[in-house]
Structure formats: structure tokens, C-alpha cells
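Q: Can you look at this prediction? I've put the sequence above it.
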Amino acid sequence: MSILQWPDKTLRKKSEPVTDIERRLPAIEEMYVLVRAKRARGLAAVQIGIMERFCLVQYGDDYLCLINPSIIKTSEKTSWMLEGCLSLQEGKVLVRVQRHRRVKVAYTDLAGEPRTVKGTGVQAAIFQHEIDHLDGMTIMIKGGGQVITPAAAPTRAQMANWGDSHRPNRRARRAR
Ligand SMILES: [Zn+2]
């Protein structure tokens, strides 16, 4: 199984809803093997050339398969994140993107049951990154095309000064 690499045009296409989960189980199995081997944060079907709306996301110590996921709630607050992508120089570079700090996702599980899951911080960013893939959105488009090598990655403090980033206000938090 090979992973499409940016700027492959397929990565900019919108995926169609999954209608037959069973038919996709072999691909999902292979995707599990792949993300575990690469210790990836996630992988969307489009990245292996399947134009249907499913993806794997790192969740706790394992991975979660999201079928037909959609973000149903987001926080207004956003954070700058540095993200890599297996479709961008095989994850060896980073791109700065802005993400909602919290999201709630509705999806169908492998048994066909409707479910929801919430994420904060990095977990929220992983959900947004993979669901973006299903809409043909990549970090290269979102991040304006600038890549950063890990060696040149800014510190958290520098990222906090990038503006438009709403860091949790310590005083407000204490007041609660
Ligand atoms: Zn990606």
C-alpha cells in the first residue's frame, strides 16, 4: 500500500460517503497496520487512493476508525499547531496551521453504530486534520504552502506570539 504524496491532485478531491462498510474492511485493516508501523497520528482513505469518507485517528494508546465523520461542534478558541502529514514528504516536515481547540465529532463505527467523540488540543487537531483530508483539504493548502523542518521548529512560546492564537488565560482559569 503506497501513500499518495503532495501535490498529487487526488489529495485535493472531496471523498464520497461510505455506503458499504464491509466492503472497506480489508482496506481499513491495512490502514491499521500502516499507521501502527509508522506511528502516525492518522491516515485518511484518500491518502491511499480510496475516495470514501473514512479515516483512522490516533486516540489514546490506539487508533479509532471514523466512518463518515463530521465535526458537529467546535470551540471558538483556536491554537496554532505544527503538523506533519504522511502525504507531505512522508511526514518529515511540518506546517503551521490553526485549529479549533476543542471539537466534537459524529461518526459511524465499524459495527455501523452512530457515535460521537470529543477531543481537545492535539487530539482535536488530529480529528480536524483527518476530516479535512476527506474534503480535499491538506495542511499545505491550509498552511499557505510553507514547510518547516523539525530542526527549525519554533518553540511553544514563539508559537504563542504568532497572534490570533487564544492561549488559555491563567487568571480566568483560576477564577473558575
Ligand atoms: Zn495528513
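A: Yep, it's here. Residues are numbered from 1 along each chain as shown.
Q: List the single closest residue to residue 72 in space, sequence neighbours excluded.
A: In this structure, residue 72 finds its nearest non-sequential neighbour in residue 106, 4.9 Å apart by Cβ to Cβ, 6 or more residues apart in numbering. Every C-beta, even on glycine, is put in place using the N, C-alpha and C of the backbone.
Q: actually residue 147, sorry about that
A: residue 93 (4.2 Å).
Q: picking that back up, what secondary structure does the residue nearest to residue 72 sit in?
A: strand (DSSP: H, G, I helix; E, B strand; the rest coil).
Q: That one bridge partners, please.
A: The partner list for residue 106 in beta bridges (DSSP bridges) reads residue 70, residue 116.
Q: what helix or strand is the residue most central in space within the chain on?
A: Nearest residue to the geometric centre of the chain (Cα atoms, centre = their mean): residue 129, 2.3 Å. Secondary structure assigned from DSSP states H and E places residue 129 in helix 122-134.
Q: what's that helix packed up against?
A: strand 42-44, strand 54-59, strand 62-74, strand 78-83, strand 95-100, strand 102-108, strand 114-120, helix 139-142 (3 or more Cβ pairs under 8 Å, 6 or more residues apart in numbering; DSSP states H and E).
Q: residues making contact with the last one?
A: To tie it back to what came earlier, the one meant is helix 139-142. The contact list for helix 139-142 (Cβ atoms under 8 Å, 6 or more residues apart in numbering) reads 6-7, 12, 83, 85, 88, 95, 97, 129, 132, 147.
Q: Out of these, which comes closest to residue 64?
A: Of all the contacts of helix 139-142, residue 129 has the smallest distance to residue 64: 13.7 Å, by Cβ to Cβ.
Q: Once you drop chain neighbours, what's closest to that closest one?
A: Residue 129 sits nearest to residue 83 (Cβ to Cβ, 6+ apart), 5.9 Å away.
Q: where's that neighbour relative to residue 108, distance?
A: 25 Å (Cβ to Cβ, to the nearest Å).
Q: which residues sit in contact with residue 6?
A: 85, 87-89, 138, 140.
Q: Just among those, which is most surrounded?
A: Among the contacts of residue 6, the one with the most neighbours (other Cβ atoms under 10 Å) is residue 85, at 28 neighbours.
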